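1. I would like to see how this sequence folds:
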Amino acid sequence: MNQPLVTILDDEPEIRRILTDTLEEAGFRTQSFSRAREFEASLKRVVPDVCLVDLSLPDTDGLALVHRLALEQGAAVIIISGRAQVQDRVTGLELGADDYITKPFDPAEVVARIRARLRSSRAPAPQSEIAEFNGWTAYFDRYVLEDGSGSETPFSHAEAEVLRLFLDSPKRLISRSQMQEALGGGAGDSFDRAMDVRISRLRTKLGEDPKNPRLIKTIYGAGYIFLGDVAWR
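-> Numbering: from 1, shown residues only. Below you'll find the model as predicted:
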């Protein structure tokens, strides 16, 4: 079995060296890039299992790059950035990142976060990658939601994981701890914020009333419940 491939995009040589040494010692294959242009060119040849992306890049907007990766690639995207403000975290997660790690970081934590993402993405999938529910069709093979009129809305890899979790367990309460066990990621406020952002974005894409959603209900103090009728095909 091939070792998972992690790509590193950061313009700081020392950061690239630390991450490369740590990840290879932990059993990962790595590729590192200092420029987004080289990084994006490599994606045409091979899609990595995980992308580590710095936001402060010399040749592109890091947040825009994260958004493109989330919509167009099958890799998990973890932001590693010196931007520690809450709004930067929220924006990164809203644009589709799977996780957000601030600099300075503990290399062991980066390894743990990557392993959590890989465990999540390797969870057993349904026989089919298409689910129908309440007038919607979700195509997990191409990350698209289709409404009854045939109009399509793309969703990110991170949003796909949350939606799949709901569709696999309709009309059952899913607690925050169950979500973390299933999806991985950092514990505490960082994980809760990530889930809030992804669920909010899914509700928007499903045309939900944020004050009274019909499909994804928040059970305060307990978790979430998906109330749709789901059929996989």
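
2. list the contacts for Asp88?
-> Asp88 makes contacts with 55, 81, as judged by C-beta atoms under 8 Å, 6 or more residues apart in numbering. C-betas here are computed from N, CA, C, even on glycine.

3. What residues of the helix or strand harbouring it count as buried?
-> Here Asp88 sits within helix 86-94, counting by DSSP states H and E. For helix 86-94, a neighbour-count test (16 or more other C-beta atoms under 10 Å) marks 88-89, 91-94 as buried.

4. How confident was the prediction at the residue in the chain sticking out farthest from the centre?
-> No residue in the chain sits farther from the centre than Ser149, which is 27.7 Å out by C-alpha atoms, centre = their mean. Looking at Ser149, its pLDDT reads 95.

5. Next: Gly186.
-> Note for Gly186: predicted pLDDT of 57.

6. so where's this protein uncertain?
-> Per-residue confidence for the chain (pLDDT under 70) gives these ranges: 1, 73-74, 120-128, 185-190.

7. how's this protein carved up into domains?
-> By the assignment in automatic domain parsing, the chain contains the domains 5-121, 130-232.

8. just how off-centre is the first one within its chain?
-> Between the mean C-alpha point of domain 5-121 and the mean C-alpha point of its chain there is a distance of 11 Å (C-alpha atoms, centre = their mean, to the nearest Å).

9. show me where this structure has helices.
-> 13-25, 36-43, 62-72, 86-94, 107-121, 157-168, 176-183, 189-205 (DSSP state H).

10. will you turn the ones you listed into CSV that also has distance to Cys51?
-> Shown next, in CSV, are the helices of the chain (distance: least, C-beta to C-beta, whole Å):
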stretch, distance to Cys51
helix 13-25, 12
helix 36-43, 8
helix 62-72, 6
helix 86-94, 13
helix 107-121, 10
helix 157-168, 10
helix 176-183, 17
helix 189-205, 16
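
11. Please identify the most buried of these.
-> helix 157-168 (a mean of 22; mean count of other C-beta atoms under 10 Å).

12. Now it - C-alpha only, CSV.
-> In CSV, the C-alpha atoms belonging to helix 157-168 read as follows (Å, rounded to 0.1, in the frame of the first residue of the first chain):
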residue,chain,number,x,y,z
HIS,A,157,-14.7,18.0,0.3
ALA,A,158,-15.2,19.2,3.9
GLU,A,159,-18.9,19.9,3.3
ALA,A,160,-19.2,16.5,1.7
GLU,A,161,-18.0,14.7,4.8
VAL,A,162,-20.6,16.4,7.0
LEU,A,163,-23.4,15.8,4.5
ARG,A,164,-22.5,12.2,4.1
LEU,A,165,-22.5,11.8,7.8
PHE,A,166,-26.1,13.1,8.0
LEU,A,167,-27.3,11.1,5.0
ASP,A,168,-25.8,7.9,6.4
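
13. Which elements pack onto it?
-> Judged by 3 or more C-beta pairs under 8 Å, 6 or more residues apart in numbering; DSSP states H and E, the packing partners of helix 157-168 are strand 76-81, helix 176-183, helix 189-205, strand 223-226.

14. Could you give the separation of that helix from the chain centroid?
-> 10 Å.

15. quick one: contacts of it?
-> By C-beta under 8 Å, 6+ apart, the surrounding residues in contact with helix 157-168 are 70, 73-77, 93, 96-98, 120-121, 125-126, 131, 133, 138, 140, 143, 155, 174, 179, 182-183, 194-195, 198-199, 201-202, 205, 216, 224, 226, 228, 230, 232.

16. give me that answer again for 6 Å
-> 70, 96, 98, 131, 140, 143, 182-183, 198, 201-202, 226, 230 (C-beta atoms under 6 Å, 6 or more residues apart in numbering).
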